[in-house]
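Chemist: Coordinates only, no sequence provided:
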């Protein structure tokens, strides 16, 4: 595995800060000036994937065209699209009775289209609410369904934990059970697939897609945007159990109809070709790098480094999340010293080349998103900076 | 204006054919091997735009990040997004009472969302049917509305013309009138904005967006995918009169709500950032190249070269389209010699580096899409090939 470059060491700490400012004004310090990007999404991509995209950008493998301008019906692009699906199926181990759909509109759109595919307007569904994204899914469900039942919620714990599945109050006759497998903002993550019996489990996996093995057969629909753990923004991937398709409503928008999409290999209309292509490069890389078990191992190691630093700071840095459900992907933390100190921390971190560490505006503090493409070196560099900051501002 | 390169002349005709085959097998003949890509979409992009994308791909202007991985809330990306909208507004001359929306899902999605924004489920709307895309819009309307009235159609003329607006049978109380300003498959194009009185005119401009000046104030909604005349696939642009927003239904998906999108500067969810960025580069280029009047002039010149060759071929090549409504963008034509000769023509054209000339499977024959980014040299080269082919196969 090839890791990202740090900002050039020979620039010196002060010059690195200055260099960043100069860079923004138009200077080009070269590829060595690569930041550690902790953005929650769109998020950092593997450098070798970016370099491959760059190399092939104007003339894709001697085709005489860029992928940006290829017909999605042409042989060159069809090969790209098919390989991406094949690699994803191999990577995840997707059973034959599940369709893979490459869709537009992100998870926000699929929150609505899931309802149109699984339920009539007179039906209800169950929602487990563990943070901002599952709240959003429930609200969208309430628009699309007769009733969107909140059957469990950690709202009273400020979304810092996940209610035990034994306490979920399933509703008789509801059409599906919705969870968000990892809450990007709150930083809580399901550690096991909840046992919902023979109910249809639907999971928004946007922010931990492909970060660890997925037990596909336990779900009815797995869905999510790719812009966090997979590729650039502009595409979602749904993995849908075949028998759940084909029951849309009379007024279901065609673009929401999963069966129509599956029957057209996700090309009922022109798909987001370039995003599909980049995602395919990432699938191939993940396969090469050992697959999802290897990714999980690396992600655990990275998370341990960061949570270890937080827990070992003597209370200087604070993780608000229930240790049982701490996300391997999104690590929110605060500084016990208060808001002014947090501001200083974030400003200095940014100047040092740690990008997008600011916590979501709804919760404040800091947040480090450490998706698959964030190298362990990036987390170690951040931890080193955190320790140094603490020493200087004890 | 910088034009695309032809396949290298020094390779010789036969070698060019061989080079193409070799190129597909993995060899890289270099950037000089750029094809003339006549695809109907995704479609050819300006070479200088592709080269700029390539240059900045790994490290966008010294930011230390690729545009593919930047947070859409960060300063670098916000500047890209804002400049794109500003340039588009200047390019088109969009009045202040119109909002510009950058949306996902393409025109196919907007065929549904337009209905949700402009009409209740109990309302009706009027559709003028002039080809495959307006048929599709009408069918989608029929799902979203109580009634989707076909108020004029050229179906009986095999969609080779456009019914005169004087003969359109407007329906009392219908909420809008829908047209497709240019039919990509049939190759018919409105030459003037039809006078629909004070009715709300909605136009799908996917395949002639920005190819000529647009009288925005004559429309309620202008919409279309960008993957033909603007940028890569994966984004649509809607230009919506402000007073038409804010009346969605109780069960309108949030992502369909134009007011919600406008209030969030098209970032209610994560937008298709990279496609937005590339589109912005194209807007800037069009401004630099003289704006939409200059584009129209060039597009007229290009179309004249191609239609002139067809009409001057003594009936060897045939344009099926009513001369009054011939598209400047998509030029379908057949060979009077029949299907076998067409196959030979298409195979030889492809071998010579003319990409994607095959007509849509629903109509057969050939089709040359000559969008903004197709240089006049490309059309001239095609015409030269056509004459040569005719001489060899008279």
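Modeler: Arrived safely. Predicted model only: the values in this text are computed from it and were never measured.
Chemist: Which parts of chain A are helices?
Modeler: A:13-24, A:47-56, A:75-92, A:106-118, A:132-144, A:258-263, A:273-288, A:291-311, A:339-351, A:376-392 (DSSP state H).
Chemist: For residue A:67, find the nearest of the ones you listed.
Modeler: helix A:273-288 (5.0 Å; CB to CB). From N, CA and C alone the C-beta is placed, and that goes for glycine too.
Chemist: name the helices or strands packed onto the closest one?
Modeler: Counting contacts by 3 or more CB pairs under 8 Å, 6 or more residues apart in numbering or on different chains; DSSP states H and E, helix A:273-288 is packed against helix A:47-56, helix A:75-92, helix B:273-288.
Chemist: Repeat the analysis, applying 10 Å as the threshold.
Modeler: If contacts are counted by 3 or more CB pairs under 10 Å, 6 or more residues apart in numbering or on different chains; DSSP states H and E, helix A:273-288 sits against helix A:47-56, helix A:75-92, strand A:98-103, strand A:236-241, helix A:291-311, helix B:273-288.
Chemist: could you redo the helices of chain A as CSV and give each row mean neighbour count and mean pLDDT?
Modeler: Below are the helices of chain A laid out as CSV (neighbours: other CB atoms under 10 Å in any protein chain shown; pLDDT from 0 to 100):
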stretch, mean neighbour count, mean pLDDT
helix A:13-24, 15, 32
helix A:47-56, 18, 97
helix A:75-92, 18, 98
helix A:106-118, 26, 98
helix A:132-144, 22, 98
helix A:258-263, 19, 98
helix A:273-288, 23, 98
helix A:291-311, 17, 98
helix A:339-351, 16, 97
helix A:376-392, 17, 98
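Chemist: hmm, back to that, which one, of the helices and strands packed on helix A:273-288, ends up nearest to residue B:74?
Modeler: helix B:273-288 (10.2 Å).
Chemist: List the residues that contact the closest residue to residue A:342 other than its chain neighbours.
Modeler: Of all residues not flanking residue A:342 in the chain, residue A:335 sits nearest, at 4.8 Å (CB to CB, 6 or more residues apart in numbering or on different chains). By CB atoms under 10 Å, 6 or more residues apart in numbering or on different chains, residue A:335 lies in contact with A:313, A:316-318, A:341-346, A:365-366, A:386, A:389-390, A:393.
Chemist: Dig out what residue A:335 forms beta bridges with.
Modeler: Beta-bridge partners of residue A:335, counted by DSSP bridges, are residue A:317.
Chemist: do the same with residue A:127
Modeler: Counting by DSSP bridges, residue A:127 is bridged to residue A:150, residue A:178.
Chemist: Look at the closest residue to residue A:394 other than its chain neighbours and report its pLDDT.
Modeler: The shortest distance from residue A:394 to any non-neighbouring residue, by CB to CB, 6+ apart, is to residue A:316 (7.6 Å). In this model, residue A:316 is scored at 98, pLDDT.
Chemist: and residue A:316, what is it in contact with?
Modeler: Contact partners of residue A:316, counting by CB under 10 Å, 6+ apart, are A:309-310, A:335-337, A:341, A:386-387, A:389-391, A:393-394.
Chemist: what's the most distant pair in the contacts of residue A:335?
Modeler: Most distant of those, by CB to CB, are A:313 and A:343, 18.2 Å apart.
Chemist: Next, format the helices of chain A as TSV and append distance to residue B:273.
Modeler: Converted to TSV, the helices of chain A look like this (distance: least, CB to CB, whole Å):
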stretch	distance to residue B:273
helix A:13-24	18
helix A:47-56	15
helix A:75-92	20
helix A:106-118	12
helix A:132-144	19
helix A:258-263	23
helix A:273-288	10
helix A:291-311	24
helix A:339-351	20
helix A:376-392	22
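Chemist: Could you pull up the contacting residues of the residue in the stretch 101-250 of chain A positioned nearest to chain B?
Modeler: In the stretch 101-250 of chain A, the residue that lies nearest chain B is residue A:234 (3.2 Å; CB to the nearest CB). Residues in contact with residue A:234 (CB under 10 Å, 6+ apart) are A:42, A:104-106, A:225-227, A:272, A:274-276, A:278-279, B:68, B:104, B:232-235, B:270-276.
Chemist: now with 8 Å?
Modeler: A:104, A:226-227, A:272, A:275, B:104, B:234-235, B:271-275 (CB atoms under 8 Å, 6 or more residues apart in numbering or on different chains).
Chemist: Closest one to residue A:248 out of the contacts of residue A:335, please.
Modeler: Ranked by distance to residue A:248 (CB to CB), these are led by residue A:365 at 42.0 Å.
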